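**Q** What follows is a protein structure lacking sequence information:
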Ligand SMILES: Nc1ncnc2c1ncn2[C@@H]1O[C@H](COP(=O)(O)OP(=O)(O)OP(=O)(O)O)[C@@H](O)[C@H]1O
Ligand SMILES: [Mg+2]
């Protein structure tokens, strides 16, 4: 890590907080104290304070939002817009989810809930300095896109589609792709990929205070397909201690290191599932065409919609095991649930089971109807419309704007691709 001076500002009207932060900086031999210190409360924030900040053009701001969190996050947003590349470490009371998400979007890379400790502040500042240090290219880019996969009904095929989708995403675009198994109690992605992870998500939680790019790399399992995996723990009871806040923080951290994060969740409305929905863009709900599945989605959807940080129109419905032979049509599905069908995936019991039993995702096993459906879905999500082969396809995938497609969700478009 570089030891160059990083232009830092400290904003807090709380003297003891300012002292703590300064002590943290001074105790670290490679750091210099914040270049400016602003003690004005937000209500008294004026041209004078803004001028000081403008003149410094800070790379890092430690921002105390304890008094007025909402105002503090607005200030973070304002400062980030005025200082491209700015990273903030914020601290204050436990925030409601929407505000925490707004903070993240405003460039807050770490949020320390009060009461905080010098150790937590040291770890946060260390992390943000590493992001800026130039030794991680990843540190300087926009957070990666997070795709969450969920079904309120067990056995819908969620894990299979999430795993294969991640492989396709990486193969189509060549971008850094991480699968995160947030079915923390009984996650099976490692089995589907045929790997035996040495570390898992709970190890990540327990060591997050010293997490950096290097440590992250040692926690990640690399699959032959090029996809990385952060696995669920093997023993379900290990996951009991993990909180929603910890999961949120880790997802934010991971998004700064990967272009795509594909998250598989359990069928429960666990903190892990809800944290994934908060950050998902989009979230995919997987269903089969039967009444029990549709009913479960009907019941769970209002909660999931509320959890969607990007808004409820960023939820996409996937119909799995679809063979067109059911009494219930896709139109019925759409009417019952109130969502358009984004994609259908073919019923392929033999192909899918064989791939799971052999620990090799079906999209790597040559031609299969299910594999082709996942490919089509990957192309739709990444913006690769037509099926192209070779370098040309790769190139257009790299330049395809993701966002443009997310607004779409028409059933006709979905099913024809
Ligand atoms: N399109 C499909 N056609 C046929 N069988 C499928 C299909 N998709 C998944 N399956 C089968 O359904 C079973 C459950 O799949 P999977 O584990 O992906 O579901 P899940 O929703 O993640 O389940 P859980 O609730 O246990 O997490 C597996 O045995 C798999 O082989
Ligand atoms: Mg599963």
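**A** Alright, I've got the coordinates. These figures come from a predicted structure and were not determined experimentally. Ligands and ions are numbered 1, 2, ... in the order given.

**Q** Show the subsequent helix or strand relative to the longest strand that the chain contains.
**A** Determined from DSSP state E, the single longest strand within the chain is strand 315-322. Sequence-wise, the next helix or strand downstream of strand 315-322 (DSSP states H and E) is helix 330-337.

**Q** other SSEs contacting that following helix?
**A** helix 291-307, strand 315-322, strand 341-346, helix 411-416 (3 or more Cβ pairs under 8 Å, 6 or more residues apart in numbering; DSSP states H and E). Glycine gets a C-beta too; all of them are placed from N, C-alpha and C.

**Q** Do a quick rundown of the strands in the chain.
**A** 8-11, 36-38, 60-64, 87-92, 108-113, 145-150, 177-182, 221-222, 228-230, 260-265, 283-287, 315-322, 341-346.

**Q** In CSV: these, plus mean neighbour count, mean pLDDT and distance to residue 377.
**A** Formatted as CSV, the strands of the chain follow (neighbours: other Cβ atoms under 10 Å; pLDDT from 0 to 100; distance: least, Cβ to Cβ, whole Å):
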stretch, mean neighbour count, mean pLDDT, distance to residue 377
strand 8-11, 25, 96, 44
strand 36-38, 18, 95, 49
strand 60-64, 26, 96, 40
strand 87-92, 26, 95, 34
strand 108-113, 22, 91, 31
strand 145-150, 27, 96, 11
strand 177-182, 28, 98, 15
strand 221-222, 15, 94, 24
strand 228-230, 24, 97, 20
strand 260-265, 27, 97, 12
strand 283-287, 26, 98, 9
strand 315-322, 23, 97, 8
strand 341-346, 23, 97, 5
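
**Q** For ligand 2, find the nearest of those strands.
**A** strand 260-265 (6.0 Å; Cβ to the ion).

**Q** For that closest one, what is the distance to the chain centroid?
**A** The gap between where strand 260-265 is centred and where its chain is centred comes out at 7 Å by Cα atoms, centre = their mean, to the nearest Å.

**Q** cool, stretch 95-115 as well?
**A** 14 Å.

**Q** Then stretch 82-93?
**A** So, by Cα atoms, centre = their mean, the centroid of stretch 82-93 is 19 Å from its chain's centroid.

**Q** Report the separation between the two terminal residues of that stretch.
**A** 26 Å (Cα to Cα, to the nearest Å).

**Q** got a list of what residue 90 touches?
**A** 62-65, 72-73, 76, 103, 108, 110-112 (Cβ atoms under 8 Å, 6 or more residues apart in numbering).

**Q** okay, those residues in CSV with distance to ligand 1 next?
**A** Below are these laid out as CSV (distance: Cβ to the nearest ligand atom, whole Å):
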residue, distance to ligand 1
62, 41
63, 40
64, 42
65, 38
72, 39
73, 35
76, 37
103, 32
108, 33
110, 31
111, 31
112, 34
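
**Q** wait, which of these is closest to residue 207?
**A** Among the contacts of residue 90, residue 110 lies closest to residue 207 (Cβ to Cβ), at 15.1 Å.

**Q** Enumerate every residue touching the closest residue to that closest one other than its chain neighbours.
**A** With sequence-adjacent residues excluded and distances taken as Cβ to Cβ, 6 or more residues apart in numbering, residue 110 is closest to residue 124, at 4.0 Å. Shown in contact with residue 124 (Cβ under 8 Å, 6+ apart): 89, 109-110, 112.

**Q** Residue 100 now?
**A** 111, 248.

**Q** Can you read off the pLDDT for it?
**A** Residue 100 carries a pLDDT value of 88.

**Q** before we move on, the earlier item: the contacts of residue 124: which two are farthest apart?
**A** 109 and 112 (11.2 Å).

**Q** which residues do those two both contact?
**A** 89, 124.

**Q** Save the contacts of residue 90 as TSV, and put in distance to ligand 2 too.
**A** Compiled in TSV, the contacts of residue 90 are given as follows (distance: Cβ to the ion, whole Å):
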residue	distance to ligand 2
62	40
63	39
64	41
65	38
72	39
73	35
76	37
103	31
108	32
110	30
111	30
112	33
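
**Q** for these, which one is nearest residue 331?
**A** residue 103 (41.4 Å).

**Q** Looking at that closest one now. What's its pLDDT?
**A** 89.

**Q** give the contact list for it.
**A** 73, 76, 90, 95, 111.

**Q** next one: residue 7
**A** Contacts of residue 7 (Cβ under 8 Å, 6+ apart): 35, 56-60.

**Q** Could you check how far it is from residue 34?
**A** Distance of residue 7 to residue 34, given as Cβ to Cβ, to the nearest Å: 9 Å.

**Q** And for residue 263?
**A** Counting by Cβ to Cβ, the gap from residue 263 to residue 34 is 36 Å.

**Q** Touching, residue 280 and residue 310? I think so.
**A** Yes. Here residue 280 reaches residue 310: they are 7.0 Å apart, a contact under Cβ atoms under 8 Å.

**Q** I'd like to know how many residues surround residue 97.
**A** Residue 97 has 18 neighbours, counted by other Cβ atoms under 10 Å.

**Q** Give the burial count for the nearest residue to residue 126 once chain neighbours are set aside, as a bare number.
**A** Leaving aside its chain neighbours, residue 126 sits nearest to residue 212 (7.2 Å; criterion: Cβ to Cβ, 6+ apart). Per other Cβ under 10 Å, the neighbour tally for residue 212 reads 20.

**Q** show me the contacts for residue 212.
**A** Contacts of residue 212 (Cβ under 8 Å, 6+ apart): 126-127, 130.

**Q** which of those tops the neighbour count?
**A** residue 127 (23 neighbours).

**Q** Could you list which residues are in contact with it?
**A** 109-110, 211-212, 253.

**Q** 6 Å instead?
**A** If you count contacts by Cβ atoms under 6 Å, 6 or more residues apart in numbering, residue 127 has none.

**Q** ok, it to ligand 2 distance?
**A** 31 Å (Cβ to the ion, to the nearest Å).

**Q** ditto for residue 349
**A** 17 Å.

**Q** For that residue, give me the pLDDT.
**A** Value for residue 349, per-residue pLDDT: 93.

**Q** and the gap between residue 281 and residue 146?
**A** 6 Å.

**Q** just residue 78 next, same as before
**A** 25 Å.
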